[in-house]
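just coords:
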């Protein structure tokens, strides 16, 4: 495996029914990024032989694609859509590219990948486009400038797979390496997750619905694991060994780790800088160093993220400001809760066994839609609106959670109070079982915070 990995990116096949992928995380936490030899040029192709075998050639500025699929708009458009991805790859990796390649698409105008989109494997074997050099794979595989794709059950996932392997090829040939397994696969998944709007491909897209990304399934992987009690820490994701990717699970978790780090405004700049370290054998250690000062907060944010992840999840709006609270004493305080954000620290520390009264007031927007061409605002008060529910509670209802002081320090494994909110509504009494900081938010789908507006006032007092 080590010798093969030196020359290739990884076997990106998927085997269902293997032992738990977490059990094969192994020593990848200290494995260096693959040490690639200089990339080889693509193989020489005899066009007449391919034509006779029923394989046709599609070409654009940055991709030559050979396929035995019949001419059809979603297939024939793939090279042009690949070209649309190139400036987006350049823009993201700009600071990591050699200086002569970081000024835009024109700087790598002659760069080209070669892809093979396969329906009938035997045709590609017979013509020498698929040799023993390429291991068995279920979905896709890449070596240097070349990648191989098996036909997929949806147009979306076919395009996603092309962009995934294309990301590997771009990183491999332009950056010189791809980093450790979780970063390599997570970046490819994050960038390849896209939407097609008005004929244009937009990379690094967080899907708003399952219907947008048929057969993709990365969010479902995390949801199902969490429900089954398999919530994996960031450290566990970072420790994934190459052979773990013989199963589908790690692709979902690696995508999730990159999506959080790349989309959360507190972490995105530092994370992006790490693209320049893909050749560093100490990549994971460098990452931990970059986030050392706020690692407990990042770990807690990750646990909150995987606990509520869903289509349309707004990573920026769901960012939690982990601010420790001060004891209330005999006084009362009033705090403001923003209806358009997730959990917010009240900056009040509550003590175990002590009783507190919370009263809330305010009118805020919990949704906005359009009826007969006219905008309609859904107004809400702290008791919530019972027309719609989220996780068994009325939409917009005020909820609370008490985060013990030690939770941030052991966020990877601690029981997550943010997953089990306490109903407050217009008023409620709290008698905490543990001491900690009081957090507040209105009950809302994580993908629908964008159409919320306004705030409510919450008075906290000790009777």
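Sure thing, it's come through. Bear in mind that the values here come from a model prediction, so they are computed numbers and not experimental data.

what's around the closest residue to residue 163 other than its chain neighbours, how many residues?
Residue nearest to residue 163 in three dimensions, not counting chain neighbours: residue 192, with 3.7 Å by CB to CB, 6 or more residues apart in numbering. C-betas here are computed from N, CA, C, even on glycine. The number of residues packed near residue 192 is 25, by other CB atoms under 10 Å.

pLDDT score assigned to residue 192?
pLDDT, residue 192: 98.

residues in contact with it?
Neighbour list for residue 192: 160-164, 166-167, 203 [criterion: CB atoms under 8 Å, 6 or more residues apart in numbering].

low-confidence stretches in the chain?
For the chain, residues meeting the criterion pLDDT under 70 lie at 1-36, 406-415.

thinking again about what came up before, how near is the residue nearest to residue 163 to residue 153?
Separation of residue 192 from residue 153 (CB to CB, to the nearest Å) stands at 17 Å.

same question for residue 251.
Noted for residue 251: a distance of 17 Å to residue 153, by CB to CB.

assign residue 190 to helix, strand or coil.
Of the three states, residue 190 takes helix under DSSP: H, G, I helix; E, B strand; the rest coil.

correction: residue 402
At residue 402 the chain is in strand, as set by three-state DSSP.

so what's the residue count around the closest residue to it other than its chain neighbours?
In space, residue 402 comes closest to residue 436 once its chain neighbours are excluded; the distance is 4.6 Å by CB to CB, 6+ apart. Neighbourhood size, residue 436 [other CB under 10 Å]: 21.

which ones are touching residue 436?
Listed by CB under 8 Å, 6+ apart, the contact set of residue 436 reads 325, 349-350, 402-405, 407, 417.

show me which of those residues is closest to residue 246.
residue 407 (34.4 Å; CB to CB).

so residue 150 bridges to which residues?
residue 118 (DSSP bridges).

quick one: contacts for it?
Applying CB under 8 Å, 6+ apart to residue 150 gives the contacts 118, 121, 137-140.

among those, name the ones in strands.
118, 140 (DSSP state E).

if any of the contacts of residue 150 are buried, put those into a PyMOL selection.
The following PyMOL line selects those of these that are buried, judged by 16 or more other CB atoms under 10 Å:
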select buried, resi 118+139+140
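
just put the contacts of residue 150 in TSV and tack on distance to residue 182.
Output for those, formatted as TSV (distance: CB to CB, whole Å):
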residue	distance to residue 182
118	27
121	30
137	19
138	20
139	18
140	18
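
which one of the contacts of residue 150 is nearest to residue 55?
Distance to residue 55 across the contacts of residue 150 (CB to CB) is lowest for residue 118, with 9.3 Å.

that closest one reaches residue 130, doesn't it?
Yes: between residue 118 and residue 130 there is a contact at 7.2 Å, judged by CB atoms under 8 Å.

overlap of the contact sets of these two?
124, 148.

how far does stretch 81-91 sit from its chain's centre?
Here stretch 81-91 is found 19 Å from its chain centre; the criterion is CA atoms, centre = their mean, to the nearest Å.

swap in stretch 258-277?
Relative to the chain's own centre, stretch 258-277 is displaced by 11 Å; criterion: CA atoms, centre = their mean.

before we move on, what about stretch 99-118?
Between the mean C-alpha location of stretch 99-118 and the chain-wide mean there is a distance of 25 Å, by CA atoms, centre = their mean.

from now on call the first residue 27
With the count now opening at 27, the last piece we talked about shows up as stretch 125-144.

just the terminal-to-terminal distance for that stretch.
For stretch 125-144, the first-to-last residue distance is 36 Å (CA to CA, to the nearest Å).

how about stretch 474-482?
Termini of stretch 474-482 sit 18 Å apart (CA to CA).

dump the contacts of residue 462 to TSV, plus distance to residue 267 and neighbour count.
Formatted as TSV, the contacts of residue 462 follow (distance: CB to CB, whole Å; neighbours: other CB atoms under 10 Å):
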residue	distance to residue 267	neighbour count
351	41	20
375	42	17
376	43	24
428	38	21
429	33	24
430	34	18
431	35	13
433	29	22
443	33	19
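
now, among the contacts of residue 176, which is nearest to residue 316?
For those, the nearest to residue 316 is residue 166 (30.5 Å; CB to CB).

of residue 277 and residue 179, who's got more company?
Comparing residue 277 with residue 179 by neighbour count (other CB under 10 Å), the higher total belongs to residue 277, at 24 against 9.

wait, the more buried one sits on residue 246?
No: under the criterion of CB under 8 Å, residue 277 makes no contact with residue 246, lying 11.6 Å away.

wasn't residue 241 part of a strand?
No: with three-state DSSP as the criterion, residue 241 is located in coil rather than a strand.

and the closest residue to it other than its chain neighbours, what is it in contact with?
Nearest non-adjacent residue to residue 241, counting by CB to CB, 6+ apart: residue 183, 4.1 Å away. The neighbours of residue 183, taking CB under 8 Å, 6+ apart as the test, are 239-242.

how far away is residue 183 from residue 218?
For residue 183, the distance to residue 218 (CB to CB) stands at 10 Å.

residue 191 too?
With CB to CB as the criterion, residue 191 and residue 218 are 8 Å apart.
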